[in-house]
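Asks: 3D model of this:
(one chain, ligands or ions: 1)
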Amino acid sequence: MVLRAGLPLMDMEFIQFHPTGLYGTGVLITEGARGEGGVLTNSLGERFMSRYAPAYQDLASRDVISRAIMQEIREGRGAGGGKDHIWLKLDHLGADLINAKLPSIRDIAKTFAGVDVLTAAIPVIPSVHYTMGGIPTLTSSAALHENGSEVSGLLAIGEAACNSVHGANRLGCNSLLDLMVFGKAAGERAATAGGGSHPALDPATLDRALSHFDGLRHAKGHVPAAQLRRQMQTIMHHHAGIFREALSLENGMRALENIWQQRNAVLAVRDKTMLWNNDLIEAIELDNLLRQASATLASALYRTESRGAHWRMDYPTRDDTRWQAHTLFTLDNKGAMHLTTRPVRMIDDSAAMMPSLAPQQRQY
Ligand SMILES: Cc1cc2nc3c(=O)[nH]c(=O)nc-3n(C[C@H](O)[C@H](O)[C@H](O)COP(=O)(O)OP(=O)(O)OC[C@H]3O[C@@H](n4cnc5c(N)ncnc54)[C@H](O)[C@@H]3O)c2cc1C
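Replies: All right, here's what the predicted structure looks like:
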């Protein structure tokens, strides 16, 4: 919605992968499994994390472990017939600990992978988990224009928002904290509006919104939204995954643009009703997702450095001189993409009793 309104999305290149999604379904196997002593191994049975993060090993941060897993797979040490996943081993922990502390993990592995963790390892692969980017906001949760001024009457919180407390890589559990803190701030901010109402919608805006909706509802093509969504997922998987580089991102943008341009002609929405119409909902979601996917590809191409969850093989180092900055992605009224940056605002609290730590490169 904000993109259609000409407002920016910020830092959309920062997509977090969780290292241990269940191979095949992506169902999350919690970090708790490694917290209790579970270990990751490759097809040779090696605990490969000792090569990538000797001190933290299997408890290193999500992006470090996800990259390590993909590196093992790229170098031919992936598990299974397709050599395309790795193992999470819990069997050495014993039945008592597993049944007491990880019963849901045992249950999930049994239900979705047919594996009993007491005797066998779980097949896992990194899985998309969280979007650090979103609608730029102030700490009051007020949404922002590209120039940093407030958008009147629009608040954003949660995963849709980017108040940037998670930087380029959220730490586990901090999303729920963010929801509570900024949910409260948004409530307080809304209360200051004093019960006023929005100005009436002008007819041209209303027409634009309704014709967008009608265009999707009456789509007469032959390809269901699910099929186009699958193509989009494949493009994102290959071109905007854990390892990125310019040529691949450019190819991904071209392929995605192709789907975007074709969608009106080829999309099929067979159910035209207005109650529980999943066909229509999927078409609307696809429309939204395609634009957000382009925001991710374009922003990832634009940020020529590696930071947090964004890893560019052609720019493998963090560049604080150029890129201590947010990316801002907008669409103009003809649908053309624009990118710009805004400096990260550092709060000077050096006089505080416990001043913030200066930003520095994370190292293992
Ligand atoms: C598997 C998994 C495990 C996680 N574990 C943790 C954890 O342990 N700790 C932690 O801090 N974070 C965790 N996270 C992240 C955290 O759960 C999410 O970031 C958080 O729930 C986002 O909350 P939200 O309210 O912003 O969005 P959501 O929870 O996605 O809520 C958005 C809601 O809007 C509804 N909606 C969408 N479109 C419309 C529409 N058009 N009209 C009406 N309603 C609509 C949706 O149905 C949904 O209910 C986890 C995430 C995943 C995927």
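Asks: contacts, neighbours, all on C-alpha from now
Replies: Will do.
Asks: can you give me the strands in the stretch 201-350 of the chain?
Replies: Under the criterion DSSP state E, counting those that start in this stretch, strands of the stretch 201-350 of the chain are mapped to 223-224, 267-268, 325-331, 337-343.
Asks: save these as JSON lines, and put in distance to residue 149 and mean neighbour count too.
Replies: Shown next, in JSON lines, are those (distance: least, C-alpha to C-alpha, whole Å; neighbours: other C-alpha atoms under 10 Å):
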{"stretch": "strand 223-224", "distance to residue 149": "40", "mean neighbour count": "16"}
{"stretch": "strand 267-268", "distance to residue 149": "38", "mean neighbour count": "22"}
{"stretch": "strand 325-331", "distance to residue 149": "14", "mean neighbour count": "22"}
{"stretch": "strand 337-343", "distance to residue 149": "12", "mean neighbour count": "15"}
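Asks: let me have these in TSV, extended by mean pLDDT and distance to residue 135.
Replies: TSV is the format used below for these (pLDDT from 0 to 100; distance: least, C-alpha to C-alpha, whole Å):
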stretch	mean pLDDT	distance to residue 135
strand 223-224	96	29
strand 267-268	96	28
strand 325-331	98	9
strand 337-343	97	14
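Asks: so can I have CSV of those showing distance to residue 308?
Replies: CSV is the format used below for these (distance: least, C-alpha to C-alpha, whole Å):
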stretch, distance to residue 308
strand 223-224, 36
strand 267-268, 37
strand 325-331, 13
strand 337-343, 17
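Asks: residues in contact with stretch 222-238?
Replies: By C-alpha atoms under 8 Å, 6 or more residues apart in numbering, the surrounding residues in contact with stretch 222-238 are 252, 255-256, 259, 266-269, 279, 282-283, 286, 290, 293.
Asks: quick one: name the residues of the stretch 51-200 of the chain near the ligand.
Replies: Contact residues, the stretch 51-200 of the chain versus the ligand (C-alpha under 6 Å from any ligand atom): 129, 158, 159, 160, 172, 173, 174, 175, 176.
Asks: returning to what we had before: between the strands of the stretch 201-350 of the chain, which one is nearest to residue 247?
Replies: Nearest to residue 247, of all the strands of the stretch 201-350 of the chain, is strand 337-343, at 18.2 Å by C-alpha to C-alpha.
Asks: nearest to residue 246 among the residues of the stretch 51-200 of the chain next to the ligand?
Replies: Using C-alpha to C-alpha, residue 129 comes nearest to residue 246 of these, at 23.3 Å.
Asks: I'd guessed the closest one sits against residue 16; true?
Replies: Yes - contact criterion C-alpha atoms under 8 Å: residue 129 and residue 16 qualify, at 5.5 Å.
Asks: ok, these two, which is more surrounded?
Replies: residue 16 (25 against 14; other C-alpha atoms under 10 Å).
Asks: and the residue nearest to that one when sequence neighbours are not counted, how far from residue 122?
Replies: Distances taken as C-alpha to C-alpha, 6 or more residues apart in numbering place residue 130 nearest to residue 16, at 5.0 Å, with adjacent residues excluded. Residue 130 is 22 Å from residue 122, where distance means C-alpha to C-alpha, to the nearest Å.
Asks: and these two? Which one has more around it.
Replies: Taking neighbours as other C-alpha under 10 Å, residue 130 and residue 122 compare with residue 122 leading, 28 against 15.
Asks: regarding the chain, what is its longest helix?
Replies: Longest helix in the chain by number of residues (criterion: DSSP state H): helix 278-302.
Asks: other SSEs contacting that one?
Replies: helix 203-217, helix 225-239, helix 246-266, strand 325-331, strand 337-343 (3 or more C-alpha pairs under 8 Å, 6 or more residues apart in numbering; DSSP states H and E).
Asks: deepest-packed of these, please.
Replies: Across the helices and strands packed on helix 278-302, averaging neighbours per residue (mean count of other C-alpha atoms under 10 Å) puts strand 325-331 on top, at a mean of 22.
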